[in-house]
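Undergrad: Attaching a predicted model along with its sequence, questions to come.
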Amino acid sequence: MIHPSVFSLLLGFATLSTALVAGLVFTFAVIIMPGIAKLDDRGFVRAFQVIDGIIQNGQPIFGLVWLGSILSLCAVSILGLWQLEGLPKWLLLSANLLYISGVQLPTFGINVPLNNQLQTIVVAESGEDTIRQAREHFEESWNLANRFRTYAAILVVVMLLLVLFLL
């Protein structure tokens, strides 16, 4: 059995990092995407390219938090198999499953591929029809997947807080 303080620290980090990820996708859902939706097609595509470029081009804190949330939640879930019993054990395992299936799979299966497609558009050299089509292909699908992962991420954080409360 692992020392309880190590388990608690790892659970605390997993909760904090997943809460930060939930906050990021929540901010995209309620502020960033509604904000840039008010721009014309060219402005929308360019604004998203710049925002996404910061994220995808090695922003170290973003990478640490995002990857850390995955690794710490998986690690603490594995340790929880031996460390926990009853409701906390099942809440932690369910949170891990929901985080992988409801946050990470949509991110890497839908949002990131759409981001990468949008990054291929050269806004300064593309015609209005190309820009409009790119936005139409991107915006609704991206927002739908983001809303889904936002709800999932918030639920994961609630579940992890319940685990912490029950310990």
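TA: Great, that's in hand.
Undergrad: And the helices in the chain, which stretches?
TA: 4-27, 33-36, 41-56, 60-83, 86-98, 105-106, 112-119, 128-166 (DSSP state H).
Undergrad: chain center to the third one: distance?
TA: Its chain's average C-alpha position is 17 Å from that of helix 41-56, according to Cα atoms, centre = their mean, to the nearest Å.
Undergrad: Need the residues that contact it.
TA: When contacts are defined by Cβ atoms under 8 Å, 6 or more residues apart in numbering, helix 41-56 is touched by residues 32, 36-37, 39, 62, 112, 115, 118-119, 121, 123, 128, 131-132, 134-135, 138-139. C-beta: built from backbone N, CA, C; applies to glycine.
Undergrad: among the residues you listed, which ones are buried?
TA: Among the contacts of helix 41-56, the ones that count as buried by 16 or more other Cβ atoms under 10 Å are 32, 36, 62, 115, 118, 121, 123, 131-132, 134-135, 138-139.
Undergrad: distance from the centroid: which residue in the chain tops it?
TA: Gly127 (32.2 Å; Cα atoms, centre = their mean).
Undergrad: Which residues are in contact with that residue?
TA: Per Cβ under 8 Å, 6+ apart, neighbours of Gly127: none.
Undergrad: ok, now Phe165?
TA: Going by Cβ under 8 Å, 6+ apart, the list of residues near Phe165 is empty.
Undergrad: where does the chain dip in pLDDT?
TA: Of all residues in the chain, those with pLDDT under 70 make up the ranges 1-2.
Undergrad: ok, 80 please
TA: 1-4 (pLDDT under 80).
Undergrad: Can you tell me the closest non-neighbouring residue to Cys74?
TA: Spatially, and ignoring its direct neighbours in sequence, Cys74 is nearest to Asn96 (6.3 Å; Cβ to Cβ, 6 or more residues apart in numbering).
Undergrad: neighbours of Thr130, just the number please.
TA: The tally of other residues near Thr130 (other Cβ atoms under 10 Å) stands at 15.
Undergrad: Hmm, it is touching Thr120, no?
TA: No - if you go by Cβ atoms under 8 Å, Thr130 and Thr120 don't touch, sitting 10.8 Å apart.
Undergrad: and the buried ones among the contacts of helix 41-56 as TSV, adding distance to Phe108?
TA: Output for the buried ones among the contacts of helix 41-56, formatted as TSV (distance: Cβ to Cβ, whole Å):
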residue	distance to Phe108
Ile32	19
Ile36	22
Phe62	15
Asn115	11
Leu118	16
Ile121	21
Val123	25
Ile131	26
Arg132	27
Ala134	21
Arg135	22
Phe138	16
Glu139	19
